[in-house]
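Asker: I would like the atomic coordinates for the input below:
(3 chains)
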Amino acid sequence: MAADHALLAAVTLLSALHQGYLARRVGKSRMKHNIMPPAITGHPEFERVFRAHQNCVEFYPIFLVMLWMSSHFFNEVLAAVLGLFYLFARQMYFNGYSTSVKNRLPGFYLSLALIFALAVTGGAGILNGILDEYFDINLRKKMFKS
Amino acid sequence: MAADHALLAAVTLLSALHQGYLARRVGKSRMKHNIMPPAITGHPEFERVFRAHQNCVEFYPIFLVMLWMSSHFFNEVLAAVLGLFYLFARQMYFNGYSTSVKNRLPGFYLSLALIFALAVTGGAGILNGILDEYFDINLRKKMFKS
Amino acid sequence: MAADHALLAAVTLLSALHQGYLARRVGKSRMKHNIMPPAITGHPEFERVFRAHQNCVEFYPIFLVMLWMSSHFFNEVLAAVLGLFYLFARQMYFNGYSTSVKNRLPGFYLSLALIFALAVTGGAGILNGILDEYFDINLRKKMFKS
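Answerer: Numbering: from 1, shown residues only, chains lettered A, B, ... in the order given. A predicted model of the protein is given here:
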């Protein structure tokens, strides 16, 4: 119905599909190493893939919150771009972790930096919103004289 | 305050209560087999129940995203109905998995089909929204001549 | 952009930062006990900290849903206050669990009570919304004669 925030929605939908894709990669790793559920151990590669996925699961709601806050209170296009880079960083993390424990780090640090960028932009926008709503101070307007 | 989207909100609240109920089932299985936290192994049935819950936890944010996107960009009533069936499918999966590893499959496949339906309807609505917002093309209006 | 719901947004952002902080505590516990990923066992304290974090992860989407529903359909300030207490309860739970299995309980029960309060207020607001939207009955107006 609504056409608003379609860009943010597209990145959000893509991120959910990406989470589904990572879950499928765990299933494939199960089959490759013949590890039947509910076992979550049995082969070092599977254990790395499993933990990589778990970490992505743990961070996914944090990512969604930061993405939406940054989009709503700062800028939708910037948040969408940062969000796309986050999905790329998470894929890099997942692929790295599946090869070795050490190789998880570049993608992980990149994903943290992107979450940090979303948090800072979102936080700045929310602070402006609170000052505007409860104290009638609009920093954004003052800064950009608009 | 707002009365909008009350149907979507009701299904969302129900889904959160359902997640809480599944968490409680894990606790009950702990007590039944006398497995004290933080242990997550000790009896095959408990291990199946534990993994069933974990899988529901992993998919829950994916489900929420698909549900909301389908509701906002396609149709609230359809999304709410698909969402209710998803909760049913997850319960079927959980109950099945608690009896045997194989019995998890019918509910799991049904839950995937419902997520797929939410993703396709949501994705179609978002695509229409992007074409409308950024390219001034409204496919929905053209298709339904309204 | 928007200044609406800045208070709810601030609590939501804070909760996501809190989740990130708890994830970091798990990493610190790994280092303290020299447990390299992807291992999730090796020392009782680490195992308690790990499970404490997992439980917070499992409940986080449930909390977000309840927080937003209560805020949108009941009262934003009340939901924000309950949400802040929830973060406090989760910290209490995490700290307690990291010292002993038994000490997890006070924080856990408090967090459940707060989720319950958010669910009841949110549920009441949604019920009022559904009655208003689909049956043209507005209980809130009748009760408060406004």
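Asker: OK, contacts around the residue in chain A positioned nearest to chain B?
Answerer: Per CB to the nearest CB, residue A:6 is where chain A lies closest to chain B, at 3.1 Å. C-beta coordinates here come from the backbone N, C-alpha and C atoms, glycine included. Residue A:6 sits next to B:73, B:126, B:129-130, B:132-134 when contact means CB atoms under 8 Å, 6 or more residues apart in numbering or on different chains.
Asker: before we move on, what about residue A:26?
Answerer: Residue A:26 is in contact with A:49-50, A:53, counting by CB under 8 Å, 6+ apart.
Asker: read off the pLDDT value for residue A:66.
Answerer: Note for residue A:66: predicted pLDDT of 98.
Asker: equivalent analysis for residue A:136, please.
Answerer: Value for residue A:136, per-residue pLDDT: 81.
Asker: from residue B:66, how far off is it?
Answerer: According to CB to CB, to the nearest Å, residue A:136 and residue B:66 sit 40 Å apart.
Asker: settle it for me: which of the two has more neighbours?
Answerer: residue B:66 (30 against 7; other CB atoms under 10 Å in any protein chain shown).
Asker: the more buried one and residue A:9, how far apart?
Answerer: 11 Å.
Asker: shared neighbours of these two, anything?
Answerer: residue B:122.
Asker: for residue A:137, phi and psi?
Answerer: Note on residue A:137: its backbone torsions stand at phi -110, psi 120 [degrees, to the nearest 10].
Asker: tell me which residues touch the spatially closest residue to it that is not a sequence neighbour, please.
Answerer: Nearest residue to residue A:137, sequence neighbours excluded (CB to CB, 6 or more residues apart in numbering or on different chains): residue A:131, at 4.3 Å. Applying CB under 8 Å, 6+ apart, we find residue A:131 in contact with A:137-139.
Asker: residue A:131 sits in which helix or strand?
Answerer: helix A:105-135 (DSSP states H and E).
Asker: tell me the mean pLDDT over whichever helix or strand comes after that helix?
Answerer: Downstream of helix A:105-135, the next assigned helix or strand under DSSP H and E is helix A:139-144. Rounded to a whole number, the mean pLDDT of helix A:139-144 is 72.
Asker: buried ones in helix A:139-144?
Answerer: For helix A:139-144, burial by neighbour count (16 or more other CB atoms under 10 Å in any protein chain shown) applies to residue A:140.
Asker: need the contact partners of it.
Answerer: A:127-128, A:131-132.
Asker: now residue A:6: how far from chain C?
Answerer: Distance from residue A:6 to chain C, counting by CB to the nearest CB, to the nearest Å: 15 Å.
Asker: just the pLDDT for that residue.
Answerer: 95.
Asker: same deal with the one 4 residues further on?
Answerer: What the model reports for residue A:10 is a pLDDT of 97.
Asker: repeat for residue A:132
Answerer: Reported pLDDT for residue A:132: 87.
Asker: what about it, how many neighbours?
Answerer: Residue A:132: 17 surrounding residues under other CB under 10 Å.
Asker: quick one: it and residue A:73 touch, right?
Answerer: No - using CB atoms under 8 Å, residue A:132 is not in contact with residue A:73, being 10.6 Å away.
Asker: got the contact list for the spatially most central residue of chain A?
Answerer: Central residue check for chain A by CA atoms, centre = their mean: the C-alpha nearest the mean position is that of residue A:63, 3.7 Å away. By CB under 8 Å, 6+ apart, residue A:63 lies in contact with A:15, A:83, A:86, A:115, A:118.
Asker: distance of the single nearest residue of chain A relative to chain C from residue C:51?
Answerer: Residue nearest to chain C within chain A (CB to the nearest CB): residue A:129, separated by 3.1 Å. Distance of residue A:129 to residue C:51, given as CB to CB: 37 Å.
Asker: more neighbours: the two, which one.
Answerer: residue A:129 (24 against 20).
Asker: just the buried members of the contacts of residue A:6?
Answerer: By 16+ other CB under 10 Å, those give B:73, B:126, B:129-130, B:132 as buried.
Asker: may I have the phi/psi pair for the spatially closest residue to residue A:35 that is not a sequence neighbour?
Answerer: What sits nearest to residue A:35 in space, not counting adjacent residues and going by CB to CB, 6+ apart, is residue A:42, at 4.3 Å. Note on residue A:42: its backbone torsions stand at phi 140, psi -20 [degrees, to the nearest 10].
Asker: correct me, but residue A:42 touches residue A:33?
Answerer: Yes - between residue A:42 and residue A:33 there is a contact at 6.3 Å, judged by CB under 8 Å.
Asker: hang on, the earlier thing: mind putting the contacts of residue A:6 into a markdown table with distance to residue A:28?
Answerer: Output for the contacts of residue A:6, formatted as a markdown table (distance: CB to CB, whole Å):
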| residue | distance to residue A:28 |
| --- | --- |
| B:73 | 31 |
| B:126 | 28 |
| B:129 | 33 |
| B:130 | 32 |
| B:132 | 38 |
| B:133 | 37 |
| B:134 | 36 |
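Asker: out of those residues, which comes closest to residue A:22?
Answerer: Nearest to residue A:22 among the contacts of residue A:6: residue B:126, at 21.2 Å, using CB to CB.
Asker: ranges for the helices of chain A?
Answerer: Counting by DSSP state H, chain A has helices at residues A:6-32, A:44-73, A:76-99, A:105-135, A:139-144.
Asker: most tightly surrounded among the ones you listed?
Answerer: Of these, the one with the most neighbours on average (mean count of other CB atoms under 10 Å in any protein chain shown) is helix A:44-73, at a mean of 22.
Asker: next, the angle from that helix to helix A:105-135.
Answerer: Comparing the axes of helix A:44-73 and helix A:105-135 via axes from the mean of the first three to the mean of the last three CA atoms, to 10 degrees yields an angle of 30 degrees.
Asker: tell me what angle helix A:44-73 forms with helix A:6-32.
Answerer: Angle, helix A:44-73 to helix A:6-32, by the same axes, to 10 degrees: 170 degrees.
Asker: what distance separates the helix or strand bottoming out on mean pLDDT in chain A from the middle of the whole chain?
Answerer: Of all helical and strand segments in chain A, the minimum by mean pLDDT, DSSP states H and E falls on helix A:139-144, at a mean of 72. Relative to the centre of its chain, helix A:139-144 is centred 29 Å away, using CA atoms, centre = their mean, to the nearest Å.
Asker: in contact with residue A:110, which residues?
Answerer: Counted by CB under 8 Å, 6+ apart, residue A:110 has contacts A:85, A:89, A:92-93.
Asker: which of the contacts of residue A:26 are close to chain B?
Answerer: residue A:53 (CB under 8 Å from any CB of the partner chain).
Asker: alright, calling it a day.
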